[in-house]
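Asker: Fold the following.
(chains A and B)
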Amino acid sequence: GAVVSQHPSWVICKSGTSVKIECRSLDFQATTMFWYRQFPKQSLMLMATSNEGSKATYEQGVEKDKFLINHASLTLSTLTVTSAHPEDSSFYICSAPKEPGRGFEQYFGPGTRLTVT
Amino acid sequence: GIQVEQSPPDLILQEGANSTLRCNFSDSVNNLQWFHQNPWGQLINLFYIPSGTKQNGRLSATTVATERYSLLYISSSQTTDSGVYFCAVGGNDYKLSFGAGTTVTVRA
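Answerer: As a prediction, this is how the structure comes out:
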């Protein structure tokens, strides 16, 4: 199957600082990637769609100025949580379709656990 | 977006037992995937099954798209099957809507 990686696996940062999370497709090119957030004991919620070479699109209620997304290449999308606060502590997971146009199956990264102190 | 309901929310099994997890969705879909989330949070792809029936070892899944539901069968359950099982569905835009999950506990 397709492989999607994330870095870092976990990060602890202080309130008010920014943290960047990387999502890479390792064996395929991804013009579109997706970012999800999962709070403890809850399901995954889609935050935004990352588009290579263009602006990201955000789901309703997600602050685009707080969660900056950059999709600078066909294999890398980054999510930057700016001015992080304790309520931003969560599990962030990215995904990508391996073969858009030939199927809709998504592959997920291992996730990044963010703790803001 | 598409609404997804999973049942039951919790399932406790004795090792060796069989079980069925259900996923109902509110609209037609191009994508339906079943995942097992491991203790570290990784989503393990179990099935990509927008329609039809598939089997992989002790697991199998059936999606009846016209009736908007999917079933995941676990046979001869093992303690390693414990965890949260998610159903996720999507349309033409590749966005996925997740159900609330079924937490499965298999006791030795």
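
Asker: Helices of chain A, residue ranges please.
Answerer: In chain A, no segments count as helices under DSSP state H.

Asker: any weak-confidence spans in it?
Answerer: Applying pLDDT under 70 to chain A picks out residues A:1-2.

Asker: now the strands: where do they sit in it?
Answerer: A:4-7, A:10-13, A:19-25, A:32-38, A:44-51, A:57-58, A:67-73, A:76-81, A:90-97, A:106-108, A:112-116 (DSSP state E).

Asker: Now do the contacts for whichever residue of chain B sits closest to chain A.
Answerer: Across chain B, the shortest distance to chain A (C-beta to the nearest C-beta) belongs to residue B:31, at 3.6 Å. C-beta: built from backbone N, CA, C; applies to glycine. Listed by C-beta atoms under 8 Å, 6 or more residues apart in numbering or on different chains, the contact partners of residue B:31 are A:104, A:105, A:106, B:48, B:50, B:88, B:89, B:90, B:91, B:94, B:96.

Asker: Nearest to residue A:43, out of the residues you listed: which one, please.
Answerer: residue B:88 (9.1 Å; C-beta to C-beta).

Asker: Just the element for the closest one, please.
Answerer: strand B:83-90 (DSSP states H and E).

Asker: Can you work out which other helices and strands pack against whatever helix or strand comes next after that strand?
Answerer: For strand B:83-90, the following helix or strand on the C-terminal side (DSSP H and E) is strand B:96-98. Counting contacts by 3 or more C-beta pairs under 8 Å, 6 or more residues apart in numbering or on different chains; DSSP states H and E, strand B:96-98 packs against strand A:32-38, strand A:44-51, strand B:83-90.

Asker: Could you report the neighbour count for the residue of chain A found nearest chain B?
Answerer: Closest approach of chain A to chain B (C-beta to the nearest C-beta) occurs at residue A:104, with a separation of 3.6 Å. When neighbours are defined as other C-beta atoms under 10 Å in any protein chain shown, residue A:104 has 23 of them.

Asker: so what's the most centrally placed residue in chain A closest to, chain neighbours aside?
Answerer: Centrality entry for chain A: nearest residue to the mean C-alpha point is residue A:35, 3.5 Å, by C-alpha atoms, centre = their mean. With C-beta to C-beta, 6 or more residues apart in numbering or on different chains as the criterion, residue A:35 has its nearest non-adjacent residue at 4.6 Å, and that residue is residue A:47.

Asker: was I right about that neighbour contacting residue A:38?
Answerer: No - Residue A:47 is beyond contact range of residue A:38, at 10.4 Å (criterion: C-beta atoms under 8 Å).

Asker: Between the two, which has more neighbouring residues?
Answerer: Neighbours were counted for residue A:47 and for residue A:38 using other C-beta under 10 Å; residue A:47 has more, 24 against 20.
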